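**Q** Structure for this input, please:
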Amino acid sequence: MKKYLAFLVVLITSLNLFAKAKPYVARVSRVRGEVTVLNSSKLYATVLKRGMRLKEDTSIVTGQKSFAQIIFNDQTKLNIGPNSKALIVKGNTRKDAGVVGLLKGQLRTSVKKK
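**A** Predicted structure coming up:
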């Protein structure tokens with residue numbers, strides 16, 4: 001009986017974690033120079049690489065002479081310039097616009113009209 005109860009607790013906990021998992025909202029299409037990414041669920045930043053998928057509440061920091069291009073699921077392009085700090089607050093959906101915070105530096109976007 002205790003084994004079944006323990007299994008049930010693990011199963012419910014696992015399902016609850018999957019239900020709260022944030023979906024991917026963008027992918028990295030280009031990176032040049034020193035660019036790091038910090039996901040809200042991580043303690044340390046990692047190197048941003050082409051092809052990485054990004055979730056909401058993700059911070060991107062570019063170094064000197066560096067940049068990153070991010071493409072959101074709705075094909076909106078976001079270019080993050082050198083010496084910049086940006087935060088993907090909320091991804092784009094069909095109903096709502098996405099929110100990107102610029103803490104420092106420069107951004108350039110390309111948005112397609114629907």
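
**Q** Which elements pack onto the biggest strand by length in the chain?
**A** Criterion DSSP state E: the longest strand present in the chain is strand 24-32. If contacts are counted by 3 or more Cβ pairs under 8 Å, 6 or more residues apart in numbering; DSSP states H and E, strand 24-32 sits against strand 53-55, strand 67-72, strand 85-90. For the C-beta atoms, the positions are set from N, CA and C on the backbone; glycine is no exception.

**Q** repeat that with 6 Å
**A** Applying 3 or more Cβ pairs under 6 Å, 6 or more residues apart in numbering; DSSP states H and E, we find strand 24-32 packed against strand 53-55, strand 67-72.

**Q** and the first one, what's its mean pLDDT?
**A** Taken as a whole, strand 53-55 has an average pLDDT of 92.

**Q** Just after it, pick out the following helix or strand.
**A** Following strand 53-55 in sequence order, the next helix or strand is strand 58-62 (DSSP states H and E).

**Q** For that next one, enumerate its sheet partners and note whether each is parallel or antiparallel.
**A** Partners of strand 58-62 in the sheet, by DSSP bridges, are strand 35-39 (antiparallel), strand 85-90 (antiparallel).

**Q** tell me which residues in the last one are buried?
**A** So the one you mean is strand 85-90. For strand 85-90, burial by neighbour count (16 or more other Cβ atoms under 10 Å) applies to 86-88.

**Q** relative to strand 24-32, how tilted is it?
**A** 160 degrees (axes from the mean of the first three to the mean of the last three Cα atoms, to 10 degrees).

**Q** Can you tell me what sits against strand 85-90?
**A** Strand 85-90 is contacted from outside by 56, 58-61, 80, 98-104, using Cβ atoms under 6 Å, 6 or more residues apart in numbering.

**Q** mind exporting that strand as PDB, just the C-alpha atoms?
**A** Taking C-alpha atoms only, strand 85-90 is exported to PDB below (Å, rounded to 0.1, in the frame of the first residue of the first chain):
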ATOM      1  CA  LYS A  85      20.600  43.600 -21.600                       C
ATOM      2  CA  ALA A  86      17.200  42.400 -22.600                       C
ATOM      3  CA  LEU A  87      14.500  40.400 -20.900                       C
ATOM      4  CA  ILE A  88      11.800  38.400 -22.700                       C
ATOM      5  CA  VAL A  89       8.900  39.100 -20.400                       C
ATOM      6  CA  LYS A  90       6.100  37.500 -22.400                       C
END
